[in-house]
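Colleague: can you look at this prediction? I've put the sequence above it.
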Amino acid sequence: MSQSLHIFTPSNLTFPKQPYPKPSNIRRFPVTNFSPKLISIKASTSSDPNASTSPQVLISNNGTGASGILSSTPQDYDTPPSQSVLSDSSSIEVDAVTEAELKENGFRSTRRTKLVCTIGPATCGFEELEALAVGGMNVARINMCHGTREWHKRVIERVRRLNEEKGFAVAIMMDTEGSEIHMGDLGGASSAKAEDGEIWTFSVRAFDLPRPERTINVNYDGFAEDVKVGDELLVDGGMVRFEVIEKIGPDVKCRCTDPGLMLPRANLTFWRDGSLVRERNAMLPTISSKDWLDIDFGIAEGVDFIAISFVKSAEVITHLKSYIAARSRDSDIAVIAKIESIDSLKNLEEIIQASDGAMVARGDLGAQIPLEQVPSAQQKIVQVCRQLNKPVIVASQLLESMIEYPTPTRAEVADVSEAVRQRADALMLSGESAMGQYPDKALAVLRSVSVRIEKWWREEKRHEAMELPAVGSSFSDSISEEICSSAAKMANNLGVDALFVYTKTGHTASLLSRCRPDCPIFAFTSTISVRRRLNLQWGLIPFRLSFSDDMESNLNKTFSLLKARGMIKSGDLVIAVSDLLQSIQVMNVP
Ligand SMILES: Nc1ncnc2c1ncn2[C@@H]1O[C@H](COP(=O)(O)OP(=O)(O)OP(=O)(O)O)[C@@H](O)[C@H]1O
Ligand SMILES: CC(=O)C(=O)O
Ligand SMILES: [K+]
Ligand SMILES: [Mg+2]
């Protein structure tokens, strides 16, 4: 039995975007005999030839008559990126790890939380990268604070080769250095140990190698002028602490008050009377001249995401986005705002609104606000991102002890669980994967904790519903949002196995992800870059597939390709959503 409900556009509605002719054949039907089993809500083109470019939502009920009026202009018709559109119409691509996971565990147990790994000396080789990809890395992050562009270029090439040769779809995120104050690179040493009471010199002078004992170079010229005797100097937000005891020209002598290990280029902050001192360094540009060169490098290399450190305002994001749009033909590099400063918290909503996603960069954030305020800031950032429909990454020190030890602390597991419970889109490894001794084990912990906590919360139905405000500006946007929230609700109520979404730009897929449905979301897109970008979003399993405007044929093709690969089977219950036609269909896999 096939049932559908038709909905047409009323003539009295205004259309904010007017590239599409307004349909004129408006009819209204009573809704009758709505079948709970097989409902098809689909978009059809109006029978009016003048309205032929304006698909309308059509919820049909097996010809028995139908419905109220809802819909409108096609949305999400922003030009899809031209490059890399799948040409072979008879194939489907999904990354090898997901395919294995689907076959082994079935739909429901797939991991919803995405995993980002920082690549460093411990993981830059082809085999190490492959091990991370096999372990579930969705995004590889390169941090331009460290290493040379040549070094990063080789990492990018290896990840790309891995994707091509081994069937992964790992995306690449480039993270800028930013112009905050940090230490030099320790002259090649992997770390420096400061002991209680030791006197160290922090200086803006460059030293000849080898680095003089207990001497640290500082990147910020105004350092010696800005600090005062008595200030507290924090390395990496307090991993090591010093007290400033004397200033001698460019050299600042400090006594270690909290011993610890200092890593190359660690962040430095100084505090006076319990407050962070932000003197002239607060005026430093968010994107330094070196960052601009790195950004050019990222654009040339075609990275998928650029994460901007120490974002202070929305303007810098807008500026960068237009810079990228002008520089790269496809302008499909997503810009991630790193929330790690007081200013970024002050302007949180605007910054996130302007960005394509955000990172809770707890390392530096914890150096700028009291540590005990970091958890509430995290919760708030995760919530704002979800409301504004932007992916959010929770980063730093998730499994810090695993840099040295093969098992995490219980507290670390609890922290990871909390981020998963908050339903952040992604978790990130930093030092654990960049220079730790157990990168694969750390990734395995993130993976298993994510799957376990997701399942637990799903089964217990413990998630509080989150108010999701409208994010789009046009009526058409509202329809897409309504369709996605209805589809997600139906999926939960009907206990469907998967949501399918056919999406050109990825927008509709992200709207579905935002609803955090119980079942996984198979996102079909024809563009490689869109597919890679969807890798960062909660619950989305991105597939590359060429598809048409004909949903019947898209579905048939998808079913047969996925069945042939053993990823779905007859009888599975699926809800399909399309951004091409603004439709919802419910069906069993034939
Ligand atoms: N490309 C690299 N080369 C050498 N060491 C690296 C590299 N990337 C990371 N590391 C090491 O791993 C540690 C953690 O890396 P990560 O980039 O996550 O932290 P971070 O430098 O504190 O981040 P951020 O500067 O963005 O706040 C670094 O402190 C550094 O020691
Ligand atoms: C990731 C990062 O930049 C931080 O935590 O500070
Ligand atoms: K950085
Ligand atoms: Mg940082």
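Modeller: That came in fine, so what should we check first? Ligands and ions are numbered 1, 2, ... in the order given.

Colleague: okay, CA-based contacts and neighbour counts for the rest of this
Modeller: Will do.

Colleague: got the residues of the stretch 201-350 of the chain near ligand 1?
Modeller: The stretch 201-350 of the chain comes close to ligand 1 at residues 263-264, as judged by CA under 6 Å from any ligand atom.

Colleague: for the stretch 201-350 of the chain, which segments are assigned as strands?
Modeller: For the stretch 201-350 of the chain, the strands defined by DSSP state E, counting those that start in this stretch occupy 215-217, 232-235, 240-248, 251-258, 260-262, 268-272, 275-276, 305-308, 334-339.

Colleague: what about this protein, any weak spots by pLDDT?
Modeller: Counting by pLDDT under 70, the chain has low-confidence residues at 1-90, 105, 280-281, 330-331, 462-463.

Colleague: now the farthest one out in it, which residue is it?
Modeller: Each residue of the chain has a distance to the centre, and by CA atoms, centre = their mean the biggest one is for Ile248: 45.6 Å.

Colleague: nearest to ligand 1: which residue in the stretch 1-150 of the chain?
Modeller: For the stretch 1-150 of the chain, the residue closest to ligand 1 is Gly120, as judged by CA to the nearest ligand atom, at 4.0 Å.

Colleague: re the thing from before, separation between the residue farthest from the centre of the chain and Arg205?
Modeller: Noted for Ile248: a distance of 12 Å to Arg205, by CA to CA, to the nearest Å.

Colleague: Arg111 now?
Modeller: Distance of Arg111 to Arg205, computed by CA to CA: 49 Å.

Colleague: more neighbours: the two, which one.
Modeller: Ranked by neighbour count (other CA atoms under 10 Å), Arg111 and Arg205 place Arg111 first, with 25 against 13.

Colleague: what sits closest to the residue in the chain that ligand 3 sits nearest to if chain neighbours are left out?
Modeller: Of all residues in the chain, the one sitting closest to ligand 3 is Glu177 (4.2 Å; CA to the ion). Closest residue to Glu177 apart from its sequence neighbours, by CA to CA, 6 or more residues apart in numbering: Cys145 at 4.6 Å.

Colleague: and the one you found, that one's in a strand?
Modeller: No - using DSSP: H, G, I helix; E, B strand; the rest coil, the assignment for Cys145 is coil, not a strand.

Colleague: what about it, how many neighbours?
Modeller: Cys145: 16 neighbours (other CA under 10 Å).

Colleague: again with Phe126
Modeller: Neighbours around Phe126, by other CA under 10 Å: 16.

Colleague: so what's it up against?
Modeller: Shown in contact with Phe126 (CA atoms under 8 Å, 6 or more residues apart in numbering): 158-159, 162.

Colleague: which of those residues tops the neighbour count?
Modeller: Highest neighbour count within the contacts of Phe126: Val159, with 25 neighbours (other CA under 10 Å).

Colleague: what residues does this protein put near ligand 3?
Modeller: Proximity of the chain to ligand 3 (CA under 5 Å from the ion) is limited to residues 175-177.

Colleague: same thing but at 8 Å, please
Modeller: With CA under 8 Å from the ion as the criterion, the chain meets ligand 3 at residues 143-145, 175-178, 307-309.

Colleague: make CSV from these and add distance to Trp200 to it.
Modeller: Below are the residues of the chain next to ligand 3 laid out as CSV (distance: CA to CA, whole Å):
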residue, distance to Trp200
Asn143, 27
Met144, 27
Cys145, 23
Asp175, 30
Thr176, 28
Glu177, 25
Gly178, 25
Ala307, 33
Ile308, 31
Ser309, 28
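
Colleague: between those, which is closest to Met239?
Modeller: Met239 lies nearest to Cys145 out of the residues of the chain next to ligand 3, by CA to CA, at 18.5 Å.
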